[in-house]
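Participant: what would the 3D arrangement of this be:
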Amino acid sequence: MGRQAVRAALGVAAMAGALVVAGPAGADGAGGKPFRLALSGANEFNAAGTPINPHGDADRGSVVLTLNQGQERVCWTFGAITLTAGEALPHVAHIHEATGGVAGPVRVDLFGTPSTGPAPTSYPTGVTCVHADADRIKDIRQNPENYYVNLHNAQHPGGVMRAQLSD
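Facilitator: Residues are numbered from 1 along each chain as shown. Predicted coordinates:
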């Protein structure tokens, strides 16, 4: 293949990759309110407000959540993540209800459960949508400061990285 053909193929591949990443940020085909969030291990706390990830911001990543109340869907795509050497990839992710600095109960399962399917095996991910109750989505949209998204792995079962939806 000539250099121009290689450049053209790389350009098409780059554009296709950009479309995958931009999909949920603009619209996932169904509309909805997008949240673009930076995840950090420094944001993980237990119910008493004590930090639980000693690696802090060394464990980090990003997520785009798109909430569609009318279709009862929460769509997500995780960007590249950075974990401390030797740590396992996240096996479960949720949206929890709690203000910043404390842990709270799970309100929406994103992955890693029988109803949502398995965890991603690599990052960044494609777009995946899960069911969520319309009233829950409405509350999340109206009160994002009361919700956070986080990832859990084997080394940090309480959460490896987190972002408050209002951030």
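Participant: does I52 really touch N43, like I thought?
Facilitator: No - judged on CB atoms under 8 Å, I52 makes no contact with N43 at a distance of 10.1 Å. C-beta coordinates here come from the backbone N, C-alpha and C atoms, glycine included.
Participant: flag every buried residue along stretch 45-60.
Facilitator: Buried residues in stretch 45-60, counted by 16 or more other CB atoms under 10 Å: 45, 52-53, 55, 58-60.
Participant: same question for stretch 106-119.
Facilitator: 107-112, 116, 119.
Participant: of those, just say which sits nearest to G126.
Facilitator: F111 (11.8 Å; CB to CB).
Participant: now that closest one: phi and psi?
Facilitator: phi -160, psi 160 (degrees, to the nearest 10).
Participant: got it, and R141?
Facilitator: Torsion angles, degrees, to the nearest 10, at R141: phi -60, psi -40.
Participant: kindly report the same for the one 4 residues further on.
Facilitator: In this entry, E145 is assigned phi and psi values of phi -70, psi -20 (degrees, to the nearest 10).
Participant: tally of neighbours for the residue nearest to it when sequence neighbours are not counted?
Facilitator: Leaving aside its chain neighbours, E145 sits nearest to S166 (3.9 Å; criterion: CB to CB, 6 or more residues apart in numbering). Using other CB atoms under 10 Å, S166 is surrounded by 14 other residues.
Participant: contacts only, for S166.
Facilitator: 100, 144-145 (CB atoms under 8 Å, 6 or more residues apart in numbering).
Participant: which of those residues has the most neighbours?
Facilitator: Result: P144 is most packed of the contacts of S166 (other CB under 10 Å), 18 neighbours.
Participant: thought it was touching A163?
Facilitator: No - counting by CB under 8 Å, P144 sits too far from A163 to count as a contact (10.6 Å).
Participant: need the strands for this protein, in chain order.
Facilitator: 33-40, 60-68, 73-78, 92-97, 106-111, 128-131, 147-152, 161-164 (DSSP state E).
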